[in-house]
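Peer 1: My questions are about this predicted structure, shown below with the sequence.
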Amino acid sequence: MAELFKKKPRELLEIERVINDLVEDLTHPINNNRHPYHRDSIRAFKDLMAYADSMAQNWASD
């Protein structure tokens, strides 16, 4: 029964913290569409979200 409540991997928790920090930081280029690195930041953010999603799927399916 204890196996049903296994802990999230440390890397996934760290990624979730970084994502939360990015979304809350209003000065980050991801939140400013006039910033020269906005598009690159959005691409990197989407890649990070996809990686976290696949990691969460693997964690949930184990």
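Peer 2: Yes, it's here.

Peer 1: which helices and strands does the helix ranked longest in the chain pack with?
Peer 2: Across the chain, the longest stretch assigned as helix under DSSP state H is helix 38-61. Here helix 38-61 touches helix 10-24, going by 3 or more CB pairs under 8 Å, 6 or more residues apart in numbering; DSSP states H and E. C-beta coordinates here come from the backbone N, C-alpha and C atoms, glycine included.

Peer 1: tell me the mean pLDDT over the helix it packs on?
Peer 2: Throughout helix 10-24, pLDDT has a mean value of 93.

Peer 1: Stretch 54-62 now?
Peer 2: The model assigns stretch 54-62 a mean pLDDT of 86.

Peer 1: count of residues packed around the residue lying closest to D25 once chain neighbours are set aside?
Peer 2: Spatial nearest neighbour of D25, chain neighbours left out: N31 (6.8 Å); criterion: CB to CB, 6 or more residues apart in numbering. By the criterion of other CB atoms under 10 Å, N31 has 14 neighbours.

Peer 1: Could you do N32 as well?
Peer 2: Neighbour count of N32, defined by other CB under 10 Å: 13.

Peer 1: for it, what are its contacts?
Peer 2: 26, 38 (CB atoms under 8 Å, 6 or more residues apart in numbering).

Peer 1: Now the phi/psi pair for it, please.
Peer 2: Here is the backbone geometry of N32 (degrees, to the nearest 10): phi -130, psi 100.
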